[in-house]
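Engineer: fold the following.
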Amino acid sequence: MRAALSFLTRLSGRPPRGPARASSTPSGHDGDATAFLPRHPVAAIALADSLASRLPGLIVTARRIAWNAGAGPHPRRKAGVGEEFWQYRPAMAGEAATHIDWRQSARGDRAFVREHEAQTPHTICIWCDNSASMRWRSDEHLPLKAERAFLLALACAAMLLRRGEDIRLLGAAGGPPLRLRGRQALEQMAHALIAALRNTADEPDLPQAAAIPARSRVLLFGDGLYPAAQLADFLRAATARQATCTLIEVIDPAETAFPYEGHTRFTGLEDDTTVLLNGSAALRHDYRTIWTRHQDRLATLCQAAGSPPVPHLTDQPPEKALLALHALPGMGNGP
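Structural biologist: All right, here's what the predicted structure looks like:
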């Protein structure tokens, strides 16, 4: 069997070794790559073409997911510009006739004005990881991690736009974020994400902290397989800009359970390294220990930056991730 090596080498914290060889081939695995599972990762351009061909349906799906998550507007609990009713107040001298609620005023001998609740938008930045480890899945019935991140990012943007938030899309090159507004905001975002995917590098990367607006919220849609020092430096720089970062960790189920048995050939997604391992019970136990340690490290780094990570398995409904994200302080109706 063939599987992705990236999460093994990155979780262990050690650089990948050269190809490992076995003295004999196990029964049932004759070395023919076409018989190995899971499948090879998808190239960035091929994934971009696939997403572009299905874009209208993906946007409809993203809007449906956002609607199912049920996030409404973000109230400020004071009078101001908004759509939700706040209170009636007595009309003042010189009040414009168009401001008066004549139905309420007809109930008594005083004129009343209907006030709405203020809704102050938050600045929220969205970023998608396009590295090679995201363009992989352990089973053909599962979505690629990059495809799920793409859908979650669109759905999250749809949810936040419904609430009237100020949405920005972060690029990889460190340029100014793309501001999303208007009726075509989701289409604009989708095309920008696809263009970024076409020009992406395979190596893991994070956005440039200097491009993050001060006092904003940053949503990172990626697999969390970043060197600890690189992630810590980014979060530290973002915190210095008074930004709160939340990692939506998109995970293939095989990355948590390590379900491989017998001799498995692991191939690098971001290099040409190949390692042949025997998937024994001891190896699975050691792997799960490393995975747990990695999750603990991620949680510690993210929590120190102001927000816990939101793990999402690709075999789970996307709505589950959006509901967990909506429940975080500052993302729903909380402070």
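Engineer: pretty sure residue 323 contacts residue 69?
Structural biologist: Yes - the criterion here is CB atoms under 8 Å, and residue 323 meets it with residue 69 at 5.6 Å. Just so you know, the C-beta spots here come from the backbone N, C-alpha and C atoms, and that holds for glycine as well.
Engineer: pick out whichever of those two has more residues nearby.
Structural biologist: Between residue 323 and residue 69, counted using other CB atoms under 10 Å, the more crowded position is residue 69 (21 against 16).
Engineer: show me what contacts that one?
Structural biologist: Counting by CB atoms under 8 Å, 6 or more residues apart in numbering, residue 69 touches 155, 159, 319, 322, 323, 326.
Engineer: would you turn those into TSV with distance to residue 310, pLDDT and secondary structure?
Structural biologist: Shown next, in TSV, are the contacts of residue 69 (distance: CB to CB, whole Å; pLDDT from 0 to 100; DSSP: H, G, I helix; E, B strand; the rest coil):
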residue	distance to residue 310	pLDDT	secondary structure
155	13	96	helix
159	14	91	helix
319	13	93	helix
322	9	93	helix
323	10	92	helix
326	10	87	helix
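Engineer: for residue 221, state which of those is nearest.
Structural biologist: residue 155 (10.5 Å; CB to CB).
Engineer: give the contact list for that closest one.
Structural biologist: Taking CB under 8 Å, 6+ apart as the test, what residue 155 contacts is 61, 62, 63, 65, 66, 69, 318, 322.
Engineer: do that again at 6 Å, thanks
Structural biologist: Residues in contact with residue 155, defined by CB atoms under 6 Å, 6 or more residues apart in numbering, are 62, 65, 66, 322.
Engineer: from residue 321, how far off is the residue lying closest to the last one once chain neighbours are set aside?
Structural biologist: It stands for residue 322. Using CB to CB, 6 or more residues apart in numbering and skipping the chain neighbours, the partner closest in space to residue 322 is residue 69 (4.1 Å). Distance, residue 69 to residue 321, by CB to CB, to the nearest Å: 9 Å.
Engineer: repeat for residue 229
Structural biologist: Here the criterion is CB to CB. By it, residue 229 lies 27 Å from residue 321.
Engineer: counting neighbours, go ahead and name the busier of those two.
Structural biologist: residue 321 (25 against 8).
Engineer: in which helix or strand does that one reside?
Structural biologist: For residue 321, the enclosing helix or strand under DSSP states H and E is helix 318-326.
Engineer: buried residues of that helix, list them for me.
Structural biologist: 318, 319, 321, 322, 323, 324, 325, 326 (16 or more other CB atoms under 10 Å).
Engineer: residue 203: which of those residues is nearest?
Structural biologist: residue 321 (25.4 Å).
Engineer: all the strands of the stretch 51-200 of the chain, residue numbers only.
Structural biologist: All strands of the stretch 51-200 of the chain, identified by DSSP state E, counting those that start in this stretch, fall at 85-90, 112-116, 123-128, 166-169, 178-180.
Engineer: compare those strands and give me the one nearest residue 308.
Structural biologist: strand 123-128 (17.1 Å).
Engineer: then that closest one to CSV, C-alphas only?
Structural biologist: Presented in CSV, the C-alpha positions along strand 123-128 are these (Å, rounded to 0.1, in the frame of the first residue of the first chain):
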residue,chain,number,x,y,z
THR,A,123,-12.8,42.5,10.2
ILE,A,124,-12.3,38.8,9.5
CYS,A,125,-9.5,37.5,7.3
ILE,A,126,-9.7,34.0,5.6
TRP,A,127,-6.7,32.0,4.4
CYS,A,128,-6.5,28.5,2.7
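Engineer: given it, what are its sheet partners and their directions?
Structural biologist: strand 166-169 (parallel), strand 217-222 (parallel) (DSSP bridges).
Engineer: put the alpha carbons of the longest one into PDB.
Structural biologist: The one in question is strand 217-222. The C-alpha atoms that make up strand 217-222 are tabulated as PDB, following Å, rounded to 0.1, in the frame of the first residue of the first chain:
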ATOM      1  CA  ARG A 217      -9.800  37.800  13.300                       C
ATOM      2  CA  VAL A 218      -7.900  35.400  11.100                       C
ATOM      3  CA  LEU A 219      -9.300  32.000  10.100                       C
ATOM      4  CA  LEU A 220      -6.700  29.600   8.800                       C
ATOM      5  CA  PHE A 221      -8.100  26.600   6.900                       C
ATOM      6  CA  GLY A 222      -5.300  24.100   6.800                       C
END
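Engineer: which strand residues bridge residue 267?
Structural biologist: residue 4, residue 274.
Engineer: that one: neighbouring residues, count only.
Structural biologist: 19.
Engineer: if I look at the residue of the chain most remote from its centre, how far off is residue 101?
Structural biologist: In the chain, the residue that sits farthest from the middle, by CA atoms, centre = their mean, is residue 109; the gap is 55.3 Å. Distance, residue 109 to residue 101, using CB to CB: 15 Å.
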